[in-house]
Structures are given as structure tokens and as C-alpha cells.
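Participant: Starting from these lines, generate the structure:
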Amino acid sequence: MLTFDEVIKCNFEKLQLFVPIVARVHGGNHPEFHDVHRLFDEMSAKIKEAASEKPNLDSELKQLREITDNYTVPDGVCESYEAVYNMLAEIDKAYRAL
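Facilitator: Now for the predicted structure:
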């Protein structure tokens, strides 16, 4: 299993690209994704601010689990939407293992 830092390094750039695009493309049919976008932005700020320390993402990850029904991918969405949920789930899992 990858460490939290490794997961961030592997996934963060992709998430920064995918999240705004998925919000724009799917936000109309999946308004909850706007909350995902907001929470991802909050997490991004905390991760950058924490630098090498462990960021406190408990609240954001808890809300993400609730909003996404534990990262369950909705029917009829694109691969990018699915990838975002999978990467967020991987970050969540690695974070909880810290």
C-alpha cells in the first residue's frame, strides 16, 4: 500500500486537472459534485499549507464519504468522473492509515 505522501504525489496533479473539468461537465446532472470540488479545493489548500506535516483532512474526508456514498461512482458518468472518485478514495484510505 502506498503512503499518504506517495498517493498525493501520484494523484494530486491529475485531480487538479480532472476535478474542475468533471464539475463543469457533470455538475448539472450531479450537483453533489460541486461539493466534491469545494472540498477538494479545501484539501488542496491544507495539503500545500502543511508542507511536510500531516494536514488535518478529517472533516473534508468525512464529508466526501457522505456526499459520494463512500466514493460510489454514479451510473452514466465518464471515466474522468470515475477516476476522480477512485483517486479520492485512495487518498482517504492512505490518510486513515497514517
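Participant: And the helices in this structure?
Facilitator: Under the criterion DSSP state H, the chain contains helices at 4-26, 32-50, 58-67, 79-96.
Participant: In the last one, which of the residues would be classed as buried?
Facilitator: If I follow you right, that is helix 79-96. Going by neighbour count (16 or more other C-beta atoms under 10 Å), the buried part of helix 79-96 is 81, 83-85, 87-92, 94-95. The way it works is simple: take the backbone N, C-alpha and C, and place the C-beta from them, glycine included.
Participant: so which of the helices of the chain gets nearest residue 73?
Facilitator: Across the helices of the chain, residue 73 has its closest neighbour in helix 79-96 (4.7 Å, C-beta to C-beta).
Participant: which residues touch that closest one?
Facilitator: With C-beta atoms under 8 Å, 6 or more residues apart in numbering as the test, helix 79-96 has contacts from 1-4, 6-8, 11, 14-15, 18-19, 21-22, 25-26, 30, 33, 36, 40, 43, 57, 61, 64-65, 68, 70-74.
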